[in-house]
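> predicted model and sequence follow; I will ask about them next.
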Amino acid sequence: MDDRHGAGCARARAPLQNDARWAALVAIVVQSVGLGLPTLWLVFAFAMVSWFVGGLAHGLKNGLIRTLIHERVPERLHGRAYAAYNGLRNGAELFAMACGGLLVVAIGARWTLFLAGLVPAVAGLAGLAVFTRQRERDVSGEPVPEPAPAHLD
């Protein structure tokens, strides 16, 4: 396959990648709202529905992020990319648990759970704003060049 076909395939995949990035950010917001919203209205059924919807968004987000890694990272670097993603995700979870433990002592479980939903929801909304502005500016339609080959030791 010559370069013309590769560039055409990259252009054809670009809208799908943009949609997946947008959907992953929306899923982060929905997941976060589903986590924190039940702290404002303490009704068991409402909490169960919110957590169920948040859990669905969590699963969708995980699938979309893994799809983006698969589509955007050169095949020879998939293992490293997935390892980096999992390492960052696991590290963030450990950091969040440590901070959450400190916050429960300081402000109580209810408000800690509220913050656990609010902070990532705000981050997801900020990401959506940045992504939307970038998408509006990017009208060239040029494919993203593949990074230089990594030096594998």
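Yep, it's here.

> can you give me the helices in the chain?
Listed in chain order, the helices found in the chain under DSSP state H are 3-36, 44-72, 78-107, 109-137.

> tell me the mean pLDDT for the second one?
Computed over helix 44-72, the mean pLDDT rounds to 91.

> residues of it that come out buried?
Using 16 or more other C-beta atoms under 10 Å as the test for burial, helix 44-72 gives S50, W51, G54, A57, H58, L60, K61, L64, I65, L68. C-beta coordinates here come from the backbone N, C-alpha and C atoms, glycine included.

> so V33 makes contact with A121?
Yes - under the criterion of C-beta atoms under 8 Å, V33 lies in contact with A121, with a separation of 5.4 Å.

> let me see the contact set for V53.
Residues counted as contacts of V53 (C-beta atoms under 8 Å, 6 or more residues apart in numbering) are V30, G34.

> now swap in L103 and tell me
Going by C-beta under 8 Å, 6+ apart, L103 touches W111, T112, L115.

> give me the distance between it and V29.
As for L103, its distance to V29 is 21 Å (criterion: C-beta to C-beta, to the nearest Å).

> repeat that for V130.
Following C-beta to C-beta, the distance that separates V130 from V29 is 13 Å.

> between those two, which one's more packed in?
Between V130 and V29, counting by other C-beta atoms under 10 Å, V29 is the more crowded of the two (20 against 11).

> neighbours around the closest residue to the more buried one other than its chain neighbours, how many?
Closest residue to V29 in three dimensions, ignoring its sequence neighbours and counting by C-beta to C-beta, 6 or more residues apart in numbering: G124, at 3.9 Å. Around G124 there are 21 other residues, counting by other C-beta under 10 Å.

> you'd agree G124 is up against S32?
Yes - taking C-beta under 8 Å as the contact criterion, G124 and S32 are neighbours in contact, 6.3 Å apart.
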